[in-house]
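Participant: below: sequence and its predicted model.
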Amino acid sequence: MTNTDKYVGREPVNDSLMTRESWKIFQIMAEFVEGFERLAQIKPSVSMFGSARSQPDHPHYQLAQETSRQLSDAGFSVVSGGGPGIMEAANRGAQAGKSLSIGLNIQLPQEQAGNDYQDIALHFRHFFSRKVMFVKYASAYVVLPGGFGTLDELAEILTLVQTGKTRRIPIILMQSDFWAGLVDWFRDRLVAEGMIDAADMHLFHVVDEPADAVKAIFDHYEDRGFEPSAREREILLDL
């Protein structure tokens, strides 16, 4: 069989579809440009994550709201996914505090409608451009109980920090009972089988109280400012 033969019988490329795909590049570029322009001046900030399904009467929602309020009063703008549940709690707590409440909203078939507690609301069609915005300007990540989306954000920041593709920032898991099984699995399987180094277990902190989350962030930056160093700025340019 020649190289040409293996393409015989395939459907021809749809020119209209290819044109649409090409023009998507400009839509993606626009999302990055708007995100960079709006977020670059908002410092320091903390990105918060958690389940879209937690209701206002749930302890996780209340924990997120109080943590966000304390972060806001401590001088951190709070960035969430802009939706319901823990995202709403994060924006709500931030708005009740002294600093800005920011939502990075995503268009989804289900589970996502913008909450009413956003001082600044950005809107994205693409997960990957939105995810860059969570990382690029964050001084810390605070992760509350959540589902696949929350685990995705957690795995991404751990990977980026572990591989040196972004600067080292505090990664804080809140509600120790919820995360205990995952943390044990990291240690008993990933470390034990050489999938990660034992030192990688120190990339994150597990806390239960809002004040402990705030303290962990300030402890990390105790001997330096929140601004990235010259070397870190170079790293973030290639994020």
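Facilitator: Structure's in. What do you need?
Participant: tell me the SS of residue 172?
Facilitator: strand (DSSP: H, G, I helix; E, B strand; the rest coil).
Participant: which helix or strand lies directly C-terminal to whichever helix in the chain runs longest?
Facilitator: In the chain, assigned by DSSP state H, the helix with the most residues is helix 15-39. Sequence-wise, the next helix or strand downstream of helix 15-39 (DSSP states H and E) is strand 45-49.
Participant: how far is the next helix or strand after that following strand from where the chain is centred?
Facilitator: The helix or strand immediately downstream of strand 45-49 is helix 59-73, counting by DSSP H and E. Offset of helix 59-73 from its chain centre (Cα atoms, centre = their mean, to the nearest Å): 17 Å.
Participant: same check, this time on stretch 145-160
Facilitator: 7 Å.
Participant: tell me how far residue 47 lies from residue 193.
Facilitator: 30 Å (Cβ to Cβ, to the nearest Å). C-beta coordinates here come from the backbone N, C-alpha and C atoms, glycine included.
Participant: list the helices and strands the longest helix of the chain packs on?
Facilitator: strand 120-124, helix 127-136 (3 or more Cβ pairs under 8 Å, 6 or more residues apart in numbering; DSSP states H and E).
Participant: identify whichever of the ones you listed lies nearest to residue 101.
Facilitator: strand 120-124 (7.5 Å; Cβ to Cβ).
Participant: low-confidence regions, this structure specifically.
Facilitator: Low-confidence segments of the chain (pLDDT under 70): 1-14, 109-112.
Participant: ok, now which ones touch the residue most central in space within it?
Facilitator: In the chain, the centroid-proximal residue (Cα atoms, centre = their mean) is residue 134; its distance is 4.3 Å. Neighbour list for residue 134: 47, 79, 104, 141, 153 [criterion: Cβ atoms under 8 Å, 6 or more residues apart in numbering].
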